[in-house]
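In: pasting the sequence and the predicted coordinates here, then a few questions.
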Amino acid sequence: MERIALGPDGIGVSRLCLGAMALGTVQDEALSFEILDRFLELGGNFVDTANCYMFWDGDGTGDQSELLLGRWFAARGTRDAVVLATKAGRRPLFFGGGMEHSEPLSRERIGAALDESLARLGTDRVDLFWAHRDDRDTPLAETVAGFDDAVRAGKARMVGASNAASWRVEQARGIAAGTGSAAYTAMQNRYSYLKPRPGTRLPEGGHVHASEDDLDYLANTPGTALLAYSSLLSGAYVKKPLGEHYAHPGTDARLKVLDEVASETGATRNQVVLAWLAGHDAPIIPLVGVSSVAQLEEAAAGVALKLDAGQRDRLNAAA
Ligand SMILES: NC(=O)c1ccc[n+]([C@@H]2O[C@H](COP(=O)([O-])OP(=O)(O)OC[C@H]3O[C@@H](n4cnc5c(N)ncnc54)[C@H](OP(=O)(O)O)[C@@H]3O)[C@@H](O)[C@H]2O)c1
C-alpha cells in the first residue's frame, strides 16, 4: 500500500487509515485481531482510535478499542509497525454520561487523558494525538499548550484537530507559532463523495462535515492532510438507506456517475469512492471501518485504484 508523508517529521502513513472504533465491541477479539493482522499484511500501518470508543454501545465504557489494540500489540509485537492515532475530548466525564458531558480540552485533562490512553494501549507514546472536538469553552491557547505538553514529553509525535473548522485550526496554528508550540498538522472530519443537503444537520452526534474551505486550506498547507471519516457512509453506498440528509438531486446525479465509473473500472461503488478520495486535489486519507477481512481487502484495493482524468472530471462535475 502506498505511503504518504504526514506532519513536520514526514511520518510515512498508509493511504488507507483503519478505523478501530468498533474493534473490541461490535467486532469481537478474534475478528478484530484478524482484521488488524490483515491490514499489516496488506501494507497498511495507520490505525485510528479514541479514548471513548465505543461508550455509546450498550454497556460500553469507551475503553474497549484502546484496550483491544493494547492486547493486539502485546500479542503480536506490532506496536512499532503501526502509526497509532488516538483522541481526547469526547470521553464523558462519568460512566453513563453522553456527548453533552464530554471531557474538556483543558491542559490538565489533555495530559491525564493521554496518560490513561497510553496505559490502555500498553505503549509509551502515540504517533498522532487528536483533539476530538472543538472545545469552545476552554481558551484555545490552553488547549494548544496541553497538546504541546504531550509532544514535549515525548508522548505524542504529532497533533491534530478533529471536528473543527479550518479557521479554528489556523487560529490554533497561529498561537502555536507564536509560542513555539507543537502545531496541529492534520484535520479529521467527515467527508465522502456524496454531499449532505446544504444546511442539513447530520443525525450522528458530534460529526462535523469537511467544507470546501477546509479542503482548500489543507491543499495549501504543506505537510497536512484530512483524515476523512465515514468515507463509506457506514455502508450506505451499497447496503443501507442513505437517509433523509442525503435526499437531494445531487445525490442521484453523483450515484449515476459513480455507477458508470464503477462499471468502466470493474470496481465497486465503495472502491471508486475511496479512489476518488485518495486522488483528490486536497491531501485526503480515507479512514474506514470494516466488519470483515473481505471489506478491508476491498477498501485496500479501492485506494490503489487509479481513476483517469476524464473519470475524475465526470465525478467532480456531477452535482
Ligand atoms: N473523529 C470523529 O468524530 C469520528 C467519527 C466517526 C468515525 N471516526 C473514525 O472513522 C472510522 C470509520 O468510521 P465509520 O465507521 O463511521 O465509517 P465508514 O467507514 O463509513 O463505515 C464503516 C462501515 O461501513 C460498512 N462497510 C465497510 N466496507 C464495506 C464494504 N466493502 N461493503 C459493505 N459495507 C462496508 C461496514 O458496515 P457493517 O458493519 O454493517 O458491515 C462498516 O462497519 C472509525 O473507526 C473512527 O476511527 C471518527
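Out: It's in.
In: so is stretch 190-200 next to the ligand?
Out: No - with CB under 6 Å from any ligand atom as the criterion, the ligand is not reached by stretch 190-200; the gap is at least 6.7 Å. No exception for glycine: its C-beta is placed from N, CA and C like everyone else's.
In: what does that stretch rub up against?
Out: Residues from elsewhere that reach stretch 190-200 (CB atoms under 8 Å, 6 or more residues apart in numbering): 202, 204, 207-210, 226, 228-233, 237, 242, 244-248, 250-251, 254-255, 258, 272-273, 276-277, 284, 315.
In: who in the stretch 151-300 of the chain is up against the ligand?
Out: Applying CB under 6 Å from any ligand atom, one finds that the stretch 151-300 of the chain approaches the ligand through 162-163, 188, 206-207, 229-235, 238-239, 270, 287-291, 295, 298-299.
In: among those residues, name the buried ones.
Out: Buried subset of those (neighbour count, 16 or more other CB atoms under 10 Å): 162-163, 188, 229-233, 270, 287-290, 295, 298-299.
In: of all those, which two lie farthest apart?
Out: For those, the farthest-apart pair by CB to CB is N163 and E298; their separation is 27.1 Å.
In: pull the CA atoms of stretch 125-143 into PDB?
Out: Only the C-alpha atoms of stretch 125-143 are listed here, as PDB (Å, rounded to 0.1, in the frame of the first residue of the first chain):
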ATOM      1  CA  ARG A 125       3.700   7.200  23.000                       C
ATOM      2  CA  VAL A 126       1.200   7.700  20.300                       C
ATOM      3  CA  ASP A 127       2.100   8.900  16.900                       C
ATOM      4  CA  LEU A 128      -0.800  11.300  16.400                       C
ATOM      5  CA  PHE A 129      -2.900  12.800  19.200                       C
ATOM      6  CA  TRP A 130      -6.100  14.300  18.200                       C
ATOM      7  CA  ALA A 131      -8.400  16.900  19.800                       C
ATOM      8  CA  HIS A 132     -11.600  15.000  19.200                       C
ATOM      9  CA  ARG A 133     -13.700  18.200  19.100                       C
ATOM     10  CA  ASP A 134     -13.500  21.900  19.100                       C
ATOM     11  CA  ASP A 135     -14.000  22.800  22.800                       C
ATOM     12  CA  ARG A 136     -15.100  26.500  22.600                       C
ATOM     13  CA  ASP A 137     -15.500  26.600  26.500                       C
ATOM     14  CA  THR A 138     -11.700  26.300  27.000                       C
ATOM     15  CA  PRO A 139      -9.400  29.000  25.800                       C
ATOM     16  CA  LEU A 140      -7.700  27.900  22.600                       C
ATOM     17  CA  ALA A 141      -4.300  28.800  24.000                       C
ATOM     18  CA  GLU A 142      -4.800  26.400  26.900                       C
ATOM     19  CA  THR A 143      -5.700  23.600  24.500                       C
END
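In: list the buried residues in it.
Out: Neighbour-count burial for stretch 125-143 flags 125-135, 138, 140-143 (criterion: 16+ other CB under 10 Å).
In: helix, strand or coil for G60?
Out: coil (DSSP: H, G, I helix; E, B strand; the rest coil).
In: please name the nearest non-neighbouring residue to R269.
Out: Among residues not flanking R269 along the chain, Y237 sits closest, at 4.5 Å (CB to CB, 6 or more residues apart in numbering).
In: over to G98?
Out: In space, G98 is closest to P92, 6.3 Å off (CB to CB, 6+ apart).
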